[in-house]
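Any chance you can model this:
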Amino acid sequence: MTKVILASASPRRKQLLEQAGLANFIVRPAEGPELLADAHLPPGEAVTAIALAKCREVADKAGPDALVLAADTMVYLDGELLGKPKDEEEAVHMLTRLAGAKHTVYTGVALYLNGETRTGVEMTDVFFRPLTQREIRAYVATGESMDKAGSYGMQGLASVFVRRIEGDVYTVIGLPLCRVAELAQEMGVRLF
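Residues are numbered from 1 along each chain as shown. Below you'll find the model as predicted:
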């Protein structure tokens with residue numbers, strides 16, 4: 001069986017892989033900064049580029065016959081990519097902008113095995129209901145928003161903010177499992 005390495009510190013990505021039935025994998029997060037080399041890239045290309053950089057960093061140390069999986073997620077609103085907030089005030093600002101609006105979540109994935117790389121991207125539209133400043137500040141005070149693109153976790157306390165989605169829920173959570181499975185199969189590996 002192929003050794004699988006998840007190049008991510010995200011507990012949500014780890015949990016999703018386990019939930020899908022992948023039991024034996026190693027978590028080895030990329031350590032480099034999540035920087036976008038070209039700020040003018042379209043959202044799908046931007047998250048894919050970051051995922052690929054993470055994947056390559058970990059693959060360089062992975063050894064032969066290891067399948068390395070990396071991902072990156074960002075929220076796109078009004079022509080701007082929203083990553084993880086730097087502090088609570090930035091989280092409040094992001095959530096205020098998202099309140100009552102539609103935004104698009106992009107998750108790019110990259111897989112590497114024996115010198116071969118595959119990448120993909122998924123996008124999902126998310127519609128927030130209107131929110132009060134009190135609701136937003138109470139949510140931010142929980143700390144849940146601080147390590148998430150767009151300052152919210154749909155699978156957590158912010159689930160009550162989401163009126164509906166159009167697309168794959170796992171893209172919003174941070175790992176589009178169907179796309180990952182398809183890319184792995186293209187490489188001759190059955191993950192799930």
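
So what touches the longest helix anywhere in the chain?
Looking across the chain with DSSP state H, the single longest helix is helix 43-59. Outside helix 43-59, the residues within contact range by C-beta atoms under 8 Å, 6 or more residues apart in numbering are 5, 7-8, 28-32, 34-38, 41, 66, 68-74, 76, 81, 104, 106-112, 117, 119-121, 123. The C-beta positions use only the backbone N, C-alpha and C, and glycine is treated the same way.

Wasn't Leu183 part of a helix?
Yes - checked against DSSP: H, G, I helix; E, B strand; the rest coil, Leu183 lies within a helix.

And the strands in this protein, which stretches?
Taking DSSP state E, the strands of the chain run over residues 3-6, 26-27, 66-77, 80-82, 102-113, 116-128, 162-166.

Which of these has the lowest mean pLDDT?
For those, the weakest mean pLDDT is recorded on strand 80-82, namely a mean of 91.

Return the list of helices and strands in contact with that strand.
Secondary-structure packing of strand 80-82 (3 or more C-beta pairs under 8 Å, 6 or more residues apart in numbering; DSSP states H and E): strand 66-77.

could you give the angle of the strand it packs on to strand 102-113?
170 degrees (axes from the mean of the first three to the mean of the last three C-alpha atoms, to 10 degrees).

quick one: strand 66-77 to chain centroid distance?
5 Å (C-alpha atoms, centre = their mean, to the nearest Å).

which residue sits farthest out from the middle of the chain?
Arg134 (27.3 Å; C-alpha atoms, centre = their mean).

Quick check: that one vs Leu67, distance?
46 Å (C-beta to C-beta, to the nearest Å).

tell me which residues in the one helix or strand in the chain whose mean pLDDT sits lowest are buried?
None of the helices or strands of the chain scores lower by mean pLDDT, DSSP states H and E than strand 80-82, at a mean of 91. Neighbour counts over strand 80-82 (16 or more other C-beta atoms under 10 Å) mark Leu81, Leu82 as buried.

need the contact list for Gly108.
44, 46-52, 71-73, 119-121.

now do 7 Å
Gly108 makes contacts with Gly44, Val47, Thr48, Ile50, Ala51, Ala71, Asp72, Thr119, Val121, as judged by C-beta atoms under 7 Å, 6 or more residues apart in numbering.

can you check Val121 too?
Gly44, Val47, Thr48, Tyr106, Thr107, Gly108 are the contacts of Val121 under C-beta under 7 Å, 6+ apart.

looking at those, which has the most residues close by?
Greatest neighbour count in the contacts of Val121, by other C-beta atoms under 10 Å, goes to Val47: 31 neighbours.

Name the nearest residue to that one, sequence neighbours excluded.
Nearest residue to Val47, sequence neighbours excluded (C-beta to C-beta, 6 or more residues apart in numbering): Gly108, at 3.4 Å.
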